[in-house]
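S.K.: quick one: sequence and predicted model below, then my questions.
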Amino acid sequence: MSVRKVTLALAALSLIAACSTLRLAYDNADVYVKYRAGRYLDLKGAQDHELAQRIDSFFAWHRENALPGYARAAEEAAERVARGLSREDLVWGYDSLVAHARLGLRDAARRIAPLLDRLTPQQVAYMEEGFAEDNREFARENLRGSEEDRRKRRAKRVEERLEDWVGNLSQAQVERVREYSERAPLMGELRDRERRRLQAEVLGMVRARQAQALLPERAANWEQGRHPAHAAASEANRRELFALLLDLDRTLSPGQRARAQERLRRYAGDFTQLARRNHP
């Protein structure tokens, strides 16, 4: 979902989901987003103050409206993991993540869009260069090396993420991850093309002063207009990922399953506590 970088407040969603020290990360996510704003928005004085207020208002909304749903989803996911996963469980999990992302992205874009519609041509050029730097970083991280090298790197990333959830993988589990990476299509070039297309759309909206009218729904429906080859590869990748997770679920040790359940329930508790308190 590379469109998250289209507006600065959207970066918070990936930060929240990725960080293991979730409460600390969330309580400081607004600071992170404001810091990241410097890559895309060259704001001074009143504009800079307005951006800070808009980011703060997004997080106030997010605590009240999004975090309770995160907590419910994490608790239900723990229950599903406890009894063993089915394909229906994975579809539910994917659909839940997408629904939560659409909700947050739409609101974040709605809050930032009025400011974007008032950017000067020089500020729009600054945003364009920020996107270009993102693209250079993406290429360095995702497009370098041979196909074999990229598949090996992907397998290692997936292995590390799984071990973060369930602990050390057995050799057979590691081999199954390797098989997944060999089978699933590589997405780097397709994602790069999609990023650039979305960036161009956003820049067009901003230049036409149409962000307020168009950006919220565009952010919430990032996949619309995607090239058919990208859509087909994404579906194939998801099928292979689901097959991997189902195979791994059948081989989880009691300790591995308990670790995944405990982490999901810890997340549910963190989301609940975060939703109940004001920002410090």
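M.R.: Thanks, I have the structure now.
S.K.: what does the pLDDT read for residue 277?
M.R.: For residue 277, the model assigns a pLDDT of 75.
S.K.: same question for residue 4.
M.R.: Per-residue confidence at residue 4 stands at 35 (pLDDT).
S.K.: please, where are all the helices along the stretch 1-150 of the chain?
M.R.: Here the stretch 1-150 of the chain has its helices, by DSSP state H, counting those that start in this stretch, at 11-18, 22-27, 29-40, 45-65, 67-83, 87-116, 121-142, 147-166.
S.K.: could you dump these into JSON lines with mean pLDDT and mean neighbour count added?
M.R.: C-beta coordinates here come from the backbone N, C-alpha and C atoms, glycine included. As requested, the helices of the stretch 1-150 of the chain are exported to JSON lines (pLDDT from 0 to 100; neighbours: other C-beta atoms under 10 Å):
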{"stretch": "helix 11-18", "mean pLDDT": "39", "mean neighbour count": "17"}
{"stretch": "helix 22-27", "mean pLDDT": "76", "mean neighbour count": "17"}
{"stretch": "helix 29-40", "mean pLDDT": "84", "mean neighbour count": "17"}
{"stretch": "helix 45-65", "mean pLDDT": "93", "mean neighbour count": "16"}
{"stretch": "helix 67-83", "mean pLDDT": "95", "mean neighbour count": "17"}
{"stretch": "helix 87-116", "mean pLDDT": "94", "mean neighbour count": "18"}
{"stretch": "helix 121-142", "mean pLDDT": "95", "mean neighbour count": "14"}
{"stretch": "helix 147-166", "mean pLDDT": "96", "mean neighbour count": "15"}
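S.K.: out of the ones you listed, which gets nearest to residue 237?
M.R.: Residue 237 sits nearest to helix 147-166 of all these, at 10.3 Å, using C-beta to C-beta.
S.K.: the inter-axis angle of the closest one versus helix 67-83?
M.R.: On the basis of axes from the mean of the first three to the mean of the last three C-alpha atoms, to 10 degrees, helix 147-166 is oriented at 90 degrees to helix 67-83.
S.K.: so what does the helix or strand that helix 147-166 is followed by touch, helix or strand wise?
M.R.: Using DSSP states H and E, the helix or strand that follows helix 147-166 towards the C-terminus is helix 171-183. Judged by 3 or more C-beta pairs under 8 Å, 6 or more residues apart in numbering; DSSP states H and E, the packing partners of helix 171-183 are helix 147-166, helix 228-251.
S.K.: quick one: buried residues of the longest one?
M.R.: This means helix 228-251. 230, 233, 234, 237, 240, 242, 243, 244, 245, 248, 249 (16 or more other C-beta atoms under 10 Å).
S.K.: now, which of those sits nearest residue 209?
M.R.: Distance to residue 209 across the buried residues of helix 228-251 (C-beta to C-beta) is lowest for residue 230, with 29.3 Å.
S.K.: from what I can see that closest one touches residue 194, true?
M.R.: Yes - counting by C-beta atoms under 8 Å, residue 230 does reach residue 194; the two are 5.7 Å apart.
S.K.: quick one on the thing from earlier: residue 210 is nearest to which of the helices of the stretch 1-150 of the chain?
M.R.: Nearest of the helices of the stretch 1-150 of the chain (C-beta to C-beta): helix 87-116, 9.0 Å.
S.K.: summarise which helices and strands that closest one is packed against.
M.R.: Helix 87-116 packs on helix 11-18, helix 45-65, helix 67-83, helix 211-220, helix 228-251, going by 3+ C-beta pairs under 8 Å, 6+ apart.
S.K.: go again using 6 Å as the cut-off
M.R.: Helix 87-116 sits against helix 45-65, helix 211-220, with contacts defined as 3 or more C-beta pairs under 6 Å, 6 or more residues apart in numbering; DSSP states H and E.
S.K.: for the last one, the averaged confidence score.
M.R.: Pointing back at helix 211-220 there. Across helix 211-220, pLDDT averages out at 96.
S.K.: please begin residue numbering at 311 from this point
M.R.: Sure, I'll start counting at 311 from here, so that last one is helix 521-530.
S.K.: so how far is that helix from its chain's centroid?
M.R.: On the basis of C-alpha atoms, centre = their mean, to the nearest Å, helix 521-530 sits 18 Å off its chain's mean C-alpha point.
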